[in-house]
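A.B. asks: Okay, structure incoming, though there's no sequence with it:
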């Protein structure tokens with residue numbers, strides 16, 4: 001038995017790392033993988049080893065600051081002040097280079113303390129900082145220190161395997177915050193895990209911008225196109241060369257494969273999608289990567305060159321820190337890479353600064369994490385192993401100067417405004433119908449109050465719903481909307497279709513997943529929150545009661561529309577197939593904050 005253990009160990013590790021708590025359905029899959037655990041030993045950055053750091057001709061790499069311990073994420077203020085998060089120390093440091101000699105002046109100053117602080121972003125003279133569960137904002141004072149941090153969000157989803165939240169403000173003025181998965185590959189119980197969130201600067205509104213992202217720590221907007229790009233971490237335990245690290249173009253409502261599909265469309269062997277969704281169906285709904293990079297390199301912070309010190313040929317290209325592998329032999333990562341773009345589209349990923357792996361790859365002097373352009377145009381890189389910030393400066397022949405580019409806001413705003421300011425579904429031409437449908441609920445009367453348990457302030461469960469059968473109907477569909485919401489009007493709370501013709505009622509508390517198995521075959525779409533299934537009322541505290549329109553449609557067909565579709569896609573698919581329609585309206589308001 002002991003001799004057999006090494007042969008089953010890779011499969012066992014794959015199973016355990018994939019979230020074994022979820023039920024897995026047998027499908028005949030059989031995969032064997034060789035798994036390496038190889039962690040190059042950390043050594044001090046001696047003068048000899050520092051000379052081994054390599055950068056393109058014309059660039060120099062020098063220490064900017066040392067002795068910083070677990071240096072993680074960098075953010076640079078408009079005046080040049082540099083902020084650094086240290087996750088293990090639970091603080092944020094302020095560094096300056098007032099004399100502009102390429103080295104930090106004196107000892108850093110601690111400006112904030114929050115357990116596990118990681119992501120940083122700056123806007124409107126405020127420093128935003130995030131832990132695994134909380135988002136704070138603090139005013140930046142004249143001396144660079146911070147005022148008292150204000151808690152904006154306190155209920156980010158639990159972290160698990162990937163607790164390191166990162167964030168950045170988009171061209172549309174909204175805060176984008178990456179929430180990694182809790183596991184290597186599993187069906188998350190919280191739909192906000194493995195996503196990119198979009199949050200208002202005051203923290204009061206948030207939605208899921210994109211999903212199926214295992215851990216997109218590094219992301220940024222192209223300075224010419226304003227398009228959104230992110231580098232996602234690949235799945236582990238598939239061997240030395242799988243899964244490649246993924247460069248994705250991030251778009252509203254898109255799904256990026258994890259945990260069931262990876263790379264250019266490869267099927268992950270162990271996992272099972274929820275609701276009896278086939279893996280090929282999941283693949284059809286997923287966006288393939290645009291470019292891949294060496295497996296297990298671990299992409300971290302990402303920035304675009306917008307102008308300044310670097311030669312003009314670099315403008316519009318991206319730089320990404322690769323922290324480095326622990327499960328590949330030979331090791332990958334431990335470098336900064338350059339993503340070359342042409343006409344706004346990525347063409348290749350190539351090493352830019354290397355040499356942090358030393359002694360033939362057996363040791364390392366740095367694990368790159370933070371990345372930011374300093375005010376003077378030099379690139380700063382934070383190493384969380386030996387606590388060094390490195391400065392990558394261009395000192396070669398002078399080239400034509402180019403001004404800083406600001407990403408246009410149009411692409412992000414256009415996506416966010418889709419479906420905003422339109423009539424309710426039953427008032428739109430796509431839902432024209434001659435027949436009327438009687439809709440009722442055992443939980444509330446038409447125009448009556450919804451119980452708090454249906455709201456996101458309480459249980460957040462869907463209410464029971466019934467309707468009269470319509471002759472010749474082949475299926476039913478539901479759209480629930482709030483026309484009183486702001487800033488998105490109407491707010492879509494629930495989409496469901498392909499409800500069997502034999503079903504004329506739904507019980508309280510339906511599953512919140514893309515496909516239901518009871519009633520079997522019901523598909524659910526993307527609500528305004530960005531999740532699948534029911535998302536209950538959550539009107540702002542103090543608002544007059546909002547109206548919630550439960551609109552039911554009898555159709556003469558079963559729709560050929562995939563799970564995860566949005567309201568406009570559903571309405572277009574129903575057009576010309578509606579035999580009858582009806583609605584019931586419930587009201588709900590929150591006069592005061594619920595008790596904690």
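C.D. replies: Perfect, I can see it now. All of these numbers come straight from a predicted model, not from anything done at the bench.

A.B. asks: contacts, neighbours, all on C-alpha from now
C.D. replies: Will do.

A.B. asks: Sticking with residue 49, tell me its helix or strand.
C.D. replies: According to DSSP states H and E, residue 49 maps onto helix 47-50.

A.B. asks: where's the residue nearest the centre of the chain relative to residue 116, distance?
C.D. replies: Closest to where the C-alpha atoms of the chain average out (C-alpha atoms, centre = their mean) is residue 196, at 2.0 Å. Plainly put, residue 196 is 20 Å away from residue 116 if you go by C-alpha to C-alpha, to the nearest Å.

A.B. asks: got it, and residue 132?
C.D. replies: In terms of C-alpha to C-alpha, residue 132 sits 7 Å off from residue 116.

A.B. asks: again, but for residue 335
C.D. replies: 25 Å.

A.B. asks: Between the two, which is the more surrounded one?
C.D. replies: residue 335 (27 against 21; other C-alpha atoms under 10 Å).

A.B. asks: how about the more buried one, what does it touch?
C.D. replies: 321, 322, 323, 324, 351, 352, 353, 354, 355, 356, 367, 368 (C-alpha atoms under 8 Å, 6 or more residues apart in numbering).

A.B. asks: wait, what's in contact with residue 318?
C.D. replies: 302, 303, 304, 305, 338, 339, 340, 341.

A.B. asks: Would you mind pulling up the elements that the helix or strand that residue 60 is a member of packs against?
C.D. replies: Under the criterion of DSSP H and E, residue 60 resides in strand 59-65. Applying 3 or more C-alpha pairs under 8 Å, 6 or more residues apart in numbering; DSSP states H and E, one finds that strand 59-65 contacts strand 388-394.

A.B. asks: Report the mean confidence score over the strand it packs on.
C.D. replies: Average pLDDT, strand 388-394: 98.

A.B. asks: immediately after that strand, which helix or strand?
C.D. replies: helix 410-416.

A.B. asks: And the contacts of the helix or strand following that next one?
C.D. replies: Later in the chain than helix 410-416, the nearest helix or strand by DSSP H and E is strand 435-436. The contact list for strand 435-436, computed with C-alpha under 8 Å, 6+ apart, reads 579, 580, 581, 582.

A.B. asks: Direction included, what does the following helix or strand past strand 435-436 pair against?
C.D. replies: Next in sequence after strand 435-436, counting helices and strands by DSSP H and E, comes strand 439-440. Paired neighbours of strand 439-440 in the sheet (DSSP bridges): strand 465-467 (antiparallel).

A.B. asks: So for the partner strand, mean pLDDT?
C.D. replies: Strand 465-467 shows a mean pLDDT of 98.

A.B. asks: How far does that strand sit from its chain's centre?
C.D. replies: The gap between where strand 465-467 is centred and where its chain is centred comes out at 36 Å by C-alpha atoms, centre = their mean, to the nearest Å.

A.B. asks: Please apply the same query to stretch 463-473.
C.D. replies: For stretch 463-473, the distance to the chain centre is 38 Å (C-alpha atoms, centre = their mean).

A.B. asks: Name the residues of that stretch that are buried.
C.D. replies: Neighbour counts over stretch 463-473 (16 or more other C-alpha atoms under 10 Å) mark 463, 464, 465, 466, 467, 469, 470, 473 as buried.

A.B. asks: contacts for it?
C.D. replies: 437-443, 454, 501, 504-509, 552, 554-557, 579-580.

A.B. asks: Which ones among the residues you listed map onto strands?
C.D. replies: Among those, the members falling in strands (DSSP state E) are 439, 440, 505, 506, 552, 554, 555, 579, 580.

A.B. asks: ok, now which ones touch residue 309?
C.D. replies: 376, 377, 378, 393, 394, 401.

A.B. asks: The nearest residue to residue 344 once chain neighbours are set aside: neighbour count?
C.D. replies: Of all residues not flanking residue 344 in the chain, residue 225 sits nearest, at 6.2 Å (C-alpha to C-alpha, 6 or more residues apart in numbering). Using other C-alpha under 10 Å, residue 225 is surrounded by 17 other residues.

A.B. asks: repeat for residue 29
C.D. replies: 7.

A.B. asks: wait, doesn't it sit right on residue 267?
C.D. replies: No - between residue 29 and residue 267 there is no contact under C-alpha atoms under 8 Å: 10.9 Å.

A.B. asks: where does this structure have low pLDDT?
C.D. replies: 1-26, 401-403, 593-596 (pLDDT under 70).

A.B. asks: which SSE is the residue of it positioned farthest from its centre in?
C.D. replies: Using C-alpha atoms, centre = their mean, the residue of the chain lying farthest from its centre is residue 471. It sits 44.6 Å away. Here residue 471 sits in a region with no helix or strand, counting by DSSP H and E.

A.B. asks: In ChimeraX, how would I select just the buried ones from the contacts of stretch 463-473?
C.D. replies: The following ChimeraX line selects those of the contacts of stretch 463-473 that are buried, judged by 16+ other C-alpha under 10 Å:
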select :437,439,440,441,454,501,504,505,506,552,554,555,556,557,579,580
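
A.B. asks: quick one, helices of the chain?
C.D. replies: 5-17, 47-50, 279-284, 410-416, 567-574 (DSSP state H).

A.B. asks: what comes into contact with the fourth one?
C.D. replies: The list of residues contacting helix 410-416 from outside it, by C-alpha under 8 Å, 6+ apart, reads 170, 171, 172, 225, 226, 227, 251, 252.

A.B. asks: Likewise for the second one?
C.D. replies: Here helix 47-50 makes contact (C-alpha under 8 Å, 6+ apart) with 358, 365.
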